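*Asks:* Could you work out the structure for the sequence below:
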Amino acid sequence: MKKKLAILLVCLAFAACASAGGSQPEKSAENYVGNFAETVTEIERPLISEGTNYGEYVFRVVIPNTYIGGNTCEEVWVEAENGEPLNDAVYRRNSIVESLLNIQIKSVTANAGTLELAAYVNKIILSDSDEFDAVCGGHWTHISLLQSKCLVNLYNIPNIDLSKKWWDQRMVEDMSYMKSKLYYICGDINYFDKYGIGIMMFNKRLFDDNGLVYPYDQVRTGKWTFAEFTKLVKDFSRDLNGDGKMDENDQWGIIENAGALIHFLPSCGEKIVTLDREGSFVFNSLNERHIKVVSTLCEVLSDKTITLFADADQLRHLKDGYEDGIYKAFRNGQVLFSPVAVLGIVKEFRDMEDDFGYLPFPKFDEIQSEYYHFVSYGWGSSYGVPITNQNLDRTGMILEVMAGYSTDLIIPALIDVSLKSKFARDLESEEMLEIIINTKSYDWGIDFNIGTLVGGGPYYSSAHNGFSTFVSSVEKLVPKVEADIDKLTNLFEEMN
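*Replies:* Okay, the predicted model is just below:
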């Protein structure tokens, strides 16, 4: 017991560092050590009942063997410290939780990647096998498991307080049906969900060469709008090699993919399907403002003299429109803006010769109160609890404590060390990262492909072909939309 207490105090000292104050000479894993006595009481922590002791229970979290982008899945458990900030933050967080609750945290790696994890987990749950206590996988995984009725309502799990800051309050607000039913969640407990947030990269050399001003001040003053973005990209493309055709060898204002509208729509304050004040589903695609936003976006995104698409005729000749086309074009300094990026791929541009910066996606207009950012349901990770779980009280306490002791370990290691120090090239981009990470937006219509509006539907085709058929295409799909919403409503009503 004395050994465990000593370990706990050391780990708590590491955990308290984020609020310790004072300047740090250099950002590194070692810098995350603060004065325990002065700081630990300043940080809100989950309440743990006196005498809580789970008798060295092994808490098992099933994870995919890889996330999209080839990332490994060390956000749940690592074997030891190795000097990498995120790795060490996970290790220290777990050491604290294990000592506080007398448990062992273990990740169970599935023989499946992010896209296959749902089928893998579903099979185990439906066989009524108790092989794991929680699931940590992509949002895709939990969307599928929810539809199979394989997850427990987080509002019904004792000891989890979804109002606490260590849970993603945007997800709680956007995805809680009737404000009482939510089946997967992310927050400080994990970091791959941050890798799935949209980010806009811009080439600073091209800005300088063309006498353009970096939009950082516009962001700060709330004037970074789609109209300002349009001014920058309009008439920027150039046929660099003079061959009479525009492709990956030329200069472009924007590079994008089929999801272009889906990337910009949330940033303009619009959603396809959302929840009203009571928590019921609302279909928004034919609302006046929504149509105006889509029309404005399509005018720029579908303009083949402005936007280079990874999955269009412009790059049909390439084997991989991303690696061989748009990523290469941005890396080679031929593109002003890359809105197609998510935080998870920023590392791919670490060796880029030209300097680049980060920006939030633009607001639609200055009337809009804040910036918003889409979250990739393929990249982002979240936690869910399977219906086969044998002890929800224990699971709720463990997840709550894991989340509560992640705020000042996992998040600083992610933002300050991994994202800012490794990938940001100026202080302004660090400031922009803070805005981006704190302005997530979730859309039922996108995540659940309501009415097939998204995958292969009018939101994809209009990005390529323009706005002219958007409204009529959506109107034709209204019966399908209504049927899907009814189906989703009935699913939630049937579940606890």
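
*Asks:* CA only for contacts and neighbour counts going forward, please
*Replies:* Will do.

*Asks:* and M201, that's in a strand?
*Replies:* Yes. Per DSSP: H, G, I helix; E, B strand; the rest coil, M201 lies within a strand segment.

*Asks:* looking at the sheet around it, what are its partners?
*Replies:* S338, Y358 (DSSP bridges).

*Asks:* Who are the contact partners of it?
*Replies:* F337, S338, P339, A341, F356, G357, Y358, L359 (CA atoms under 8 Å, 6 or more residues apart in numbering).

*Asks:* And for the fourth one, the neighbour number?
*Replies:* A count of nearby residues for A341, using other CA atoms under 10 Å, gives 19.

*Asks:* Tell me how far it lies from G222.
*Replies:* Relative to G222, A341 is positioned 22 Å away (CA to CA, to the nearest Å).

*Asks:* How about the second one?
*Replies:* Computed with CA to CA, the distance linking S338 and G222 is 21 Å.

*Asks:* neighbour-wise, which of these two wins?
*Replies:* Using other CA under 10 Å as the criterion, S338 and G222 rank with S338 on top: 23 against 17.

*Asks:* That one contacts V233, correct?
*Replies:* No. Using CA atoms under 8 Å, S338 makes no contact with V233, being 11.1 Å away.

*Asks:* Please enumerate the strands of the stretch 201-350 of the chain.
*Replies:* With DSSP state E, counting those that start in this stretch, the ranges of strands along the stretch 201-350 of the chain come out as 252-256, 273-275, 281-283, 307-309, 335-338.

*Asks:* of the ones you listed, which approaches R92 most closely?
*Replies:* Closest to R92 of the strands of the stretch 201-350 of the chain is strand 335-338 (CA to CA; 35.9 Å).

*Asks:* Helix or strand with the lowest mean pLDDT in the protein?
*Replies:* When the helices and strands of the chain are scored by mean pLDDT, DSSP states H and E, helix 36-39 comes last with a mean of 33.

*Asks:* can you list the domains in the protein?
*Replies:* 2-195+377-423, 200-374+433-494 (automatic domain parsing).

*Asks:* I'd like the distance from the last one to the chain centre, please.
*Replies:* When you say that, I think you mean domain 200-374+433-494. In terms of CA atoms, centre = their mean, to the nearest Å, the centre of domain 200-374+433-494 is found 15 Å from the chain centre.

*Asks:* now the end-to-end length of it.
*Replies:* One end of domain 200-374+433-494 to the other measures 40 Å (CA to CA).

*Asks:* Could you give the average pLDDT over it?
*Replies:* The average pLDDT for domain 200-374+433-494 rounds to 94.

*Asks:* Could you pull out the helices in the stretch 351-496 of the chain for me?
*Replies:* 392-404, 410-412, 422-423, 427-437, 444-447, 458-465, 470-476, 478-494 (DSSP state H, counting those that start in this stretch).

*Asks:* out of the ones you listed, which comes closest to Y191?
*Replies:* Among the helices of the stretch 351-496 of the chain, the nearest to Y191 by CA to CA is helix 410-412 (7.4 Å).

*Asks:* Can you tell me the closest non-neighbouring residue to E81?
*Replies:* Distances taken as CA to CA, 6 or more residues apart in numbering place D88 nearest to E81, at 4.8 Å, with adjacent residues excluded.

*Asks:* follow-up on the earlier one: intersection of neighbour lists for S338 and V233?
*Replies:* By CA under 8 Å, 6+ apart, S338 and V233 have these common neighbours: I254.

*Asks:* contacting residues around stretch 486-496?
*Replies:* Q147, K149, V152, N153, Y177, K181, F281.

*Asks:* quick one: contacts for N156?
*Replies:* Applying CA under 8 Å, 6+ apart, no residues contact N156.

*Asks:* separation between it and A118?
*Replies:* Distance, N156 to A118, using CA to CA: 22 Å.

*Asks:* what do you get for L162?
*Replies:* Separation of L162 from A118 (CA to CA): 24 Å.

*Asks:* higher neighbour count, the two?
*Replies:* Using other CA under 10 Å, the more surrounded residue of L162 and A118 is A118, with 25 against 18.

*Asks:* was I right about the more buried one contacting H142?
*Replies:* Yes. Here A118 reaches H142: they are 7.1 Å apart, a contact under CA under 8 Å.

*Asks:* where does L453 fall, phi/psi-wise?
*Replies:* phi -70, psi -30 (degrees, to the nearest 10).

*Asks:* what about stretch 338-354, how long is it end to end?
*Replies:* End-to-end distance for stretch 338-354: 14 Å, by CA to CA.

*Asks:* Offset the numbering so it begins at 40, please.
*Replies:* With the count now opening at 40, the last piece we talked about shows up as stretch 377-393.

*Asks:* what comes into contact with that stretch?
*Replies:* Contacts for stretch 377-393 (CA under 8 Å, 6+ apart): 108, 231, 233-244, 293-296, 299, 302, 369-372, 400, 415, 418, 462.

*Asks:* Can you say which of those residues are buried?
*Replies:* Buried members of these, counted by 16 or more other CA atoms under 10 Å: 231, 233-244, 293-296, 299, 302, 369-370, 372, 400, 415, 418, 462.

*Asks:* Does T434 touch V191 like I think?
*Replies:* No. Applying CA under 8 Å as the test, T434 and V191 come out as separate, 11.4 Å apart.

*Asks:* Low-confidence ranges, the stretch 40-189 of the chain, go.
*Replies:* For the stretch 40-189 of the chain, residues meeting the criterion pLDDT under 70 lie at 40-80, 108-110.

*Asks:* Strands of that one, start to end?
*Replies:* Using DSSP E, counting those that start in this stretch, strands in the stretch 40-189 of the chain cover 96-102, 142-148, 173-177.

*Asks:* Give the pairing partners of the first one; include direction for each.
*Replies:* Pairing partners of strand 96-102, with direction, according to DSSP bridges: strand 142-148 (parallel), strand 173-177 (parallel).

*Asks:* So which of those is nearest E212?
*Replies:* For E212, the closest of the strands paired with strand 96-102 is strand 173-177, at 19.2 Å, according to CA to CA.

*Asks:* what's the spacing between N249 and F275?
*Replies:* Per CA to CA, N249 is found 9 Å from F275.

*Asks:* The two: who's more crowded?
*Replies:* Remark: of N249 and F275, F275 carries more neighbours, 16 against 10, as counted by other CA under 10 Å.

*Asks:* quick one: contacts for the residue nearest to the more buried one when sequence neighbours are not counted?
*Replies:* Closest residue to F275 apart from its sequence neighbours, by CA to CA, 6+ apart: G292 at 5.4 Å. G292 is in contact with L271, V272, K273, D274, F275, S276, I345, T346, V374, L375, F376, counting by CA under 8 Å, 6+ apart.
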